[in-house]
Every structure is written in structure tokens, then in C-alpha cells.
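> I need the structure of the sequence given here:
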Amino acid sequence: MAKSPSDIAAAGAPAADPVPASAPAAALEPERPSEGVVRMTIVEGNTTSRLQGEAALAEMPEAIARKTARVWIDVCGAGPELKTRVATLLGLHALLVEDLAERDQRAKLEQVEDVLHAVIFSLGFDDGQIYERELDFVLGERFLLTTHGKWWDPFATRHVRAGVAGPLGKGPGHLMWCLADDVIDGYFPILDQLGDEIDELENKVVGRADRALLERLFDLKRQLIQVRRVTSPEREMFNVLSSREEKAISAEDRMYFRDAYDHLIRLTDELDTYRELASATLEAYLSTVNNNLSLIMKRLTGVTVVVAGVGAIGGIFGMSEAQFAFRGDEGPGFWIVSVGSLVLAAAAAIFLRRIDWI
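Purely as a prediction, here's the structure:
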């Protein structure tokens, strides 16, 4: 996968003055934001500046208006009021402002006036369950707006952790690819964990079949559907971004989005494979249950043949001879019938044992 070179790192505290390109990366390490923080990074020529909070909001309209500036506005853990304020300063359409404020969107890509709004989801895996979190990207010709919860730190992503000047200097579209590519790469370890668990369940199903295995199989199928629901729309989104001409995405950047699209194709192919494996494991479970049921029925049938034979003979001759047997007054016929019935029962038991029915 192609990596984006980074010239400098973003400053760790709000700073209105440009940061020289030669500043060491360690000194420019961004601080993890607290809830409801707006961070703005401006790359203009060979200088990079970073503003935060009210200073960023005050500088935002002027920074967006400068044709030589490339601006990244990152809104972390903000409520609807702060998101609406940022979107209004950027001059976004009212419908887009509403989508950003309300969140709870599906994965999608839509063009609103002259900007692109992309919604993707980051996936996590914890305690055997998958959770998804929404990330919003608004891409303009000279700016990129990202909104997310405080659980995600975009400055710590693989392409950006060495510095934001390089990716943003190539354009907001390239920075959007850097962030989205890191999110997409995070899908694969989760899918690998699900695949390993499916393999483990396959081995367990062959040995035994219990209700806990069945419940986990259904849970895995549900999680695979959940991943499919997230990745399928994103696959189409990146297909559009890699093939359609957009002002905010250069021809070179379309190649990067094509790379992300290829990753999503591979991901959905693996997902389909794991879904088939889960279905095959479920069929193996049902087959094991049916085999066990057939074995139990054979055992019960064998026992019935042995016991019913003795009971039938006893029923024909009745129990009236039993009192004579206890007094020792019975005739030889009683003993012949009793011993004969036991011999027949033993012969039936031996035969059924040989054919593995008992």
C-alpha cells in the first residue's frame, strides 16, 4: 500500500503563528483532544499552523477563503450545537448541517452543492461482539471537515502520525484517503478473529453439539451480516471516488482511492467465504444432532426389542404361576418358559449389540 510522505507534524497546542517545516516531529505531536474540541490545521506553502477551540473558529472563514491554503477541521466529541456552528462557518447546505448534527447515518456518499459528504464506520471487536462507530467526512476543494467521537484520534492513524503537513499538502482529498484507508485496514484483524472462531467452532461441532455452540454460530452469522452491512456501501462509495472526476480529488488521488476500493473488494470476498463457512458449520451441527438422534432411537429400539420380548411371553402365560413358583409347587413348564424367554432376550441383545443398536 502506498504511504503518504509527511513533512512535519501538527502542533500539540493551539498556535496562530505558522510552524516552520523544519520543526522536529516530536515537538509537534498533537495532544489527545477532550470532549467537544475543534482543531484546525492549515498548510500553506512550506508552513503549517494549528489552531484549536475558539481561535480555530474565529480563523476558519478567513482560512477557507485563502486559495493557497489547505485546511483540515477536525471536530472531536462535539454536540449538535458545536457541529452546527462549524458547518455554518464553512457555509454548508442546511441539509448537510442537519446530517452532521444528528449523526446516526448509514454508510453513504452524496454530493451537496460543491462538497462531498461521506459517512463510513469504524469497527471494533470487544468481548466477542462487534461494535461500529460513525465517521463523517465533508470534502471541499480546499478543506476537509471530519467529525467523530473522542474514541478516535485521527492524528494517531498510520499515514498521519508522522505529521499532517505531507498528506494535507497534497490536498484535502489525499488526507481523506489517508484517514479512510486506516479505518478500512482496521477491518481485517476483526474479520480474521471471526474466521478463527468459525474454524474453532467447526472442530467443536464434529466432537459434540450443544446449545451453546448453536447460539454462538447464530451470533457469528449476525456479526458477519453486520460487517457486510457496513462494508458493502463503502465498497460502492470508493468505487465512485476512484472513477468519478471531482474537483476535490485529483487524478493521482483517484489511484489511492482505487487501492482502498481493492481492499474492500478483498474484504467482501473474505466476508462471503466466512459466511459460507458459518453456514456449513451450522449444517454440520444439524447433521451431528440428527446423527445423535438416530443413534438414540436405535438404542431405544434395541432395548424395546429385548424388554418387549420378555414382557410378551410373560403376558401370554400370565402371572398366576408366580405364586406356585414361590411355594415350590410349579411345574416344569413354568421353568421352561422362563428360561426360554431369558435365552431369547440374551440372544436378541447379542445380535443387536453386533449391529451396534445397543
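
> can I assume S49 sits in a helix?
No: assigned with DSSP: H, G, I helix; E, B strand; the rest coil, S49 falls outside any helix and is strand.

> which parts of the stretch 151-300 of the chain are helices?
165-169, 172-185, 187-207, 211-243, 251-317 (DSSP state H, counting those that start in this stretch).

> how about those in CSV, adding mean pLDDT?
Shown next, in CSV, are the helices of the stretch 151-300 of the chain (pLDDT from 0 to 100):
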stretch, mean pLDDT
helix 165-169, 91
helix 172-185, 93
helix 187-207, 85
helix 211-243, 88
helix 251-317, 81
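
> A78: which of the ones you listed is closest?
helix 172-185 (17.3 Å; Cβ to Cβ). (Each C-beta comes from the backbone N, C-alpha and C, glycine too.)

> quick one: buried residues of that closest one?
172-184 (16 or more other Cβ atoms under 10 Å).

> CSV for those, including distance to F121?
Output for the buried residues of helix 172-185, formatted as CSV (distance: Cβ to Cβ, whole Å):
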residue, distance to F121
P172, 21
G173, 20
H174, 22
L175, 19
M176, 15
W177, 17
C178, 17
L179, 13
A180, 11
D181, 15
D182, 13
V183, 8
I184, 10
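
> turn the helices of the stretch 151-300 of the chain into CSV, columns for distance to E44.
Converted to CSV, those look like this (distance: least, Cβ to Cβ, whole Å):
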stretch, distance to E44
helix 165-169, 9
helix 172-185, 13
helix 187-207, 35
helix 211-243, 26
helix 251-317, 19
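
> give me whichever of those helices is most buried.
Of all the helices of the stretch 151-300 of the chain, helix 165-169 has the most neighbours on average by mean count of other Cβ atoms under 10 Å, namely a mean of 25.

> tell me where the model's unsure across the stretch 1-150 of the chain.
Across the stretch 1-150 of the chain, residues meeting the criterion (pLDDT under 70) sit at 1-35.

> 80 - rerun?
1-35, 102-105, 125-128 (pLDDT under 80).

> now the helices: where do they sit in it?
So, for the stretch 1-150 of the chain - with DSSP H, counting those that start in this stretch - the helices run 54-65, 80-89, 94-102.

> got the buried residues for the longest one?
Judged by neighbour count using 16+ other Cβ under 10 Å, the buried positions of helix 54-65 are A56, L57, E59, M60, A63, I64.

> cool, the second one as well?
Buried residues in helix 80-89, counting neighbours by 16+ other Cβ under 10 Å, are found at L82, K83, T84, R85, V86, A87, L89.

> make a markdown table from the residues you listed and add distance to V240 to it.
Compiled in a markdown table, the buried residues of helix 80-89 are given as follows (distance: Cβ to Cβ, whole Å):
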| residue | distance to V240 |
| --- | --- |
| L82 | 30 |
| K83 | 25 |
| T84 | 28 |
| R85 | 30 |
| V86 | 26 |
| A87 | 23 |
| L89 | 28 |
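
> separation between D104 and L135?
Noted for D104: a distance of 13 Å to L135, by Cβ to Cβ, to the nearest Å.

> which one of the helices of the stretch 151-300 of the chain lies closest to R70?
helix 165-169 (5.1 Å).
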